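Q: Okay, here's the prediction I keep looking at, along with the sequence it came from:
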Protein chains: 2
Amino acid sequence: MTTPFEFAEHNAKRFQTELHDLLRIKSISTDTNYAPDCQRAAEWLADHFQAIGLKAEVIPTSRHPLVYAEWTGADADATTVLVYGHYDVQPASQDEGWDSDPFEPVEHDGKIYARGSTDDKGQVFAHIKAVESLLQTEGKLPVNIKFLIEGEEESGSENIIKFVAEHADKLRAEVCVISDTSMSSKEQPVIVYALRGIVAFELHVYGPAHDLHSGMYGGSIHNPAQALAEMIAALHAEDGKVSIPGFYDDVREISAQEREAIAKSPYDNVQWAADTGATLPWGEPDYSIRERMGARPTLEINGMASGYWGNGLKAIIPSHAWAKITCRLVADQKPDRIAELFTKYITDITPPTVRSELKVLSSGTSATQVNIEAPVMQAAIRAYVRGWGAEPLFRREGGSIPIVSDFQTKLGLPIVMMGFGLNSDNLHGPNEHFHIDMLHKGIKTSIAFLQEIARVSS
Amino acid sequence: MTTPFEFAEHNAKRFQTELHDLLRIKSISTDTNYAPDCQRAAEWLADHFQAIGLKAEVIPTSRHPLVYAEWTGADADATTVLVYGHYDVQPASQDEGWDSDPFEPVEHDGKIYARGSTDDKGQVFAHIKAVESLLQTEGKLPVNIKFLIEGEEESGSENIIKFVAEHADKLRAEVCVISDTSMSSKEQPVIVYALRGIVAFELHVYGPAHDLHSGMYGGSIHNPAQALAEMIAALHAEDGKVSIPGFYDDVREISAQEREAIAKSPYDNVQWAADTGATLPWGEPDYSIRERMGARPTLEINGMASGYWGNGLKAIIPSHAWAKITCRLVADQKPDRIAELFTKYITDITPPTVRSELKVLSSGTSATQVNIEAPVMQAAIRAYVRGWGAEPLFRREGGSIPIVSDFQTKLGLPIVMMGFGLNSDNLHGPNEHFHIDMLHKGIKTSIAFLQEIARVSS
C-alpha cells in the first residue's frame, strides 16, 4: 500500500502545477481594484478543498471573503487542528524589478517565482496537499481539521478578526498551525515563538493650495516636501531610537536568558550585508542585529511621494507631500496607544507654515509571544525530524501576522508557527520565490505533524 | 483705412481660435515621449508664420527643433527687433487637479484654460498677431523683425544656447523682446528687469539591493526614504537659509535704493496667503517676502519619491529614494560653482549606512539683470501707455529664462521683457489660464512697441 509520503512524492509535479493556477490569481488585498481577484482566489480554494474531500465554503465579509473548510470524520476523541493561512498577496508589478511577470509563475533553479509563492499561497498549499495525501492513502485523517484562509492579511485582517471573535464555536480546536514564517536555511527548520505587532499610518503635509512655480514663489514658502522631510527626520534620534515620547514605555525588555540564546546564533555585518545588499547595519547600538530585527519596536517609512518624480524636470513647489509609515511593535506595546502618542507628536512637530494630517490606517495588531513548553511544540519538533530531516530551532520573527494574537487570546489556542519559507525568498519584494523542495518537505512535515499531534492528545 | 489696432479688434475671435489649435499640441519638452508633439508645434508655428507673410524655417537640433522666422523688408536704416518665445510646455495631466483636459482649451470667465496658455504660447502669439495686424493694414512693418522660438525652455534650453552662440550674425538685431513674464494685476503692466538663474539636480539615496520586508529587517537597516528625508532636512537651517557651505558667497546684495523701491509695493502676509493658499510665509527673516521671491537664491524640492505610495499599504523598506531639486540663483552666482558646492555637501552629509548620488541635470542658467535706463525701455513704456492704457512698473522676477542671459551677453542686446501674463495664471500648475483681454491688449502693446521702437532708433 502507498504511504502518504509516497503519495506526495508521486504527485509532486501535479501539486506544483496546481499551485501555479492559484499563483496566477492577482489577489492583491491592499488595492480595491483587485477585489474581484480576491473573490476568485477564495472560490478557487473552496473548489479545491471540495475536490480533495473537505466540506468548504466561501464566507463573504465587508471586504475580501474568508474560506472555511473542514474534515471532521476522525475518532470521537481525536484532536482538532485549526490551520490558518492567507490567499491575499502584496502588490507587484514587473517594472519594480521582477525578471518575469509576478503573476505568471515560472520555475527555474529549483524555485517557483511568483508573487505569493512563499507569502503565503505556497505555504498554505503544503498543508492542503498533506491532507490530500493522507486522505488518498488512508481514507481518513488522524485528526479533525479545520482550515480558515483569509484574504486580508496584507491589509489589516479586520474581517477575520471579527469572524474569529463571533465564531469561537465553529473554530473550536486544540491547536492552531500557521505557516507564514520563514527559516534561515533550507537545512535548518525553525519554529517561530514570537511575532512583532504592527500599526500603519499615512502622514500628509499640505502647503499651497496647488503646485506653484518654484521661481515665482521659491524662497517665500515652506515647501511641503521639505517640511515632510524635516518631520520624518525628527522621528528618529541619532542613535536610531524612535523619538516619539513614550514610544518605549510599554516595551517588554528581552530577558538575559533570551539574549544569551539569541547570541548563540550570531548574525554578523558581513552576512547581514550579503542578505540585504546594504552597506552597513543601522539601529539601536545597545542591541544586536538579531535583537533589533525581532525583539525591538521600529518606525519605518514604507513609501513617500511629493510633486513630480517622473522623467526630466518640473520646476514646482508641490502642494502636498505624504509618507506611508508603519511601526512594528513588541510585547507589551498597544497599537492604539502608539497611534495616540504618534498623533500627538506629529501635532507638536508640525511647523506653523504647513498643515499636517496623520491618518491611522487600521486598528493595528499587538505583538504575540507563544509558550514554547507546550506539548504541541514537542509534536512539531518530531514532525520536522521525520518530515524535514532536522530538528527545528526556536526563533523570534520581526514580521506581523495580525490574527495570531487573536487565535491565542480569543480562542485560547496554542500556536505552532511552522514556516516553510526562507528569509531570502524576497517576500514583499521583486522576484518573490519559493523553493520547490521546501514545498515538498513542507507537505511531508505537515503529514507528520498531523500524525504526531493525534498521538500527543490521545 | 483700417488701422492695425482696428484689424486686431475685428479679428479677435479668429486669433483665439488659432491659439486653441496651438494649445492642443502636447509639446512637453521635459519628457522624451512627447518629442513628436514638439516637432508638430514647431511645424505649426512655421506654417503660421509663412501664412501671415514671413519667411520661416524649422531648424532641427539634437532634441527639439527651433523655429526661426523673419521679415526684413523695412527701410535700410530701420531697427531690427528679435522676438524670443518658446512653444514647449510643462507636463500636465487632468488627474493633477485640472477641471478640464489641459490639452483641450476651454474659454470661460474671460479666460482660456490650457497648458501653455500663458507660459508661453499665448504670449508669443500676441507678437505674431501684432505683426499680422501691421502687415495686413499697412503692407509692411516699421521695423525688421526676427522670431526665434525654442522648444526646450522648460528643460534647459541647451540647443538654443548652442544656436545663439553659433549664429550671432543671423540673429543680428538692435533689441530683444521677450514675453514670458507676468504682471501683478490686469490694470498694472510690469516690465521685468531681473530674472533668477537656475540649476537642477536629482538626489538619489540607495539602501538595500531590493525592497525588503519591513518586519523582517526593520530596526537593523537605515531606511533610504528616512535617510533622504534626513539629508533634505539638512539642506536648510532653521532660519530658512540654505545650509550648503559657500552657497551665498557670490550673491550680489540688494542695494539700499532697490530695497526702498521694492518696499513701495509691499506684499503682506494676507495677500500672500490668498495668492498661494498656504498658511504663513516662510524664509529668510532679514528679507521681505518680495525680496525672498525675486532677489534671493533658493533651494527647492520639486518632487520626491520612494517605495510604495499607491492605495493601501505595502510594508516594505524601500531600496531607493530620490528627490528632484532646483536652486534658483541671483547675480552673481555661477551654476557650475553651486553644483560643485552642493555635490561636496551631499558627500559630506551622506551617512555611511546608505549610498547617495547627486546628478546635475543640466549646465544651468545664470541670473540676469537688465539696464532699465536704455532708450528701448522708454519706448516700451510709451507702448504700454498706448496699447495697454497704463504706464508699466519695473520689477524683479523670481523665475528663470535660460536664454536671456545669452541674448544679453553673447548678442549684446538690450532686453525688454514685456510680460502679458498674471502671477495668478497658474503657470506650471493645474488650470493654467490666460486672460483673453490680456491677449488682445498684448497684441496692441506689441503693435505700439514696434511703432515706437522704429522711431527711437531712427
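A: Done, it's in.

Q: Show the model's pLDDT score for whichever residue of the stretch 51-200 of chain A sits closest to chain B.
A: Closest approach between the stretch 51-200 of chain A and chain B, counting by CB to the nearest CB: A:Ala200, at 5.2 Å. All C-beta spots, glycine's among them, are computed from the backbone N, C-alpha and C. Per-residue confidence (pLDDT) for A:Ala200: 95.

Q: Next: A:Gly419.
A: pLDDT recorded at A:Gly419 is 86.

Q: Pretty sure it sits against A:Gln188.
A: No: judged on CB atoms under 8 Å, A:Gly419 makes no contact with A:Gln188 at a distance of 11.6 Å.

Q: Between the two, tell me which one has more neighbours.
A: When neighbours are counted by other CB atoms under 10 Å in any protein chain shown, A:Gly419 and A:Gln188 differ, and A:Gly419 comes out ahead with 24 against 14.

Q: mind checking the backbone torsions on the residue nearest to the more buried one when sequence neighbours are not counted?
A: Ranked by CB to CB, 6 or more residues apart in numbering or on different chains and with sequence neighbours excluded, the top spatial neighbour of A:Gly419 is A:Thr181, at 3.2 Å. The phi and psi values for A:Thr181, taken as degrees, to the nearest 10, are phi -130, psi -180.

Q: A:Thr181 and B:Pro102, how far apart?
A: Distance, A:Thr181 to B:Pro102, by CB to CB, to the nearest Å: 49 Å.

Q: for A:Leu280, same thing?
A: For A:Leu280, the distance to B:Pro102 - CB to CB - is 46 Å.

Q: just A:Ser306 next, same as before
A: Distance, A:Ser306 to B:Pro102, using CB to CB: 20 Å.

Q: Among the two, which residue is more densely surrounded?
A: A:Ser306 (31 against 24).

Q: Helix, strand or coil: sort out that one for me.
A: Here A:Ser306 is recorded as strand under DSSP: H, G, I helix; E, B strand; the rest coil.

Q: Report pLDDT for the residue nearest to it when sequence neighbours are not counted.
A: Once flanking residues are discounted, A:Ser306 sits nearest to A:Ala321: 3.4 Å by CB to CB, 6+ apart. pLDDT recorded at A:Ala321 is 98.

Q: now A:Ser155
A: 87.

Q: Any idea how many residues pack against A:Ile317?
A: A:Ile317 is flanked by 34 other residues according to other CB under 10 Å.

Q: List the residues that contact the closest residue to chain B within the stretch 251-400 of chain A.
A: The minimum distance from the stretch 251-400 of chain A to chain B, using CB to the nearest CB, falls at A:Gly277 (2.4 Å). By CB atoms under 8 Å, 6 or more residues apart in numbering or on different chains, the contact set of A:Gly277 is B:208-210, B:319.

Q: Let's see the pLDDT reported for A:Val456.
A: We have a pLDDT of 68 for A:Val456.

Q: What segments of the stretch 251-400 of chain A are strands?
A: Using DSSP state E, counting those that start in this stretch, the strands of the stretch 251-400 of chain A run over A:298-307, A:316-317, A:320-329, A:355-360, A:368-369, A:393-397.

Q: Residue ranges in chain A under the pLDDT threshold?
A: Judged against pLDDT under 70, the low-scoring parts of chain A cover residues A:455-458.

Q: Please repeat the previous calculation with a cut-off of 50.
A: Scanning chain A for pLDDT under 50 picks out A:458.
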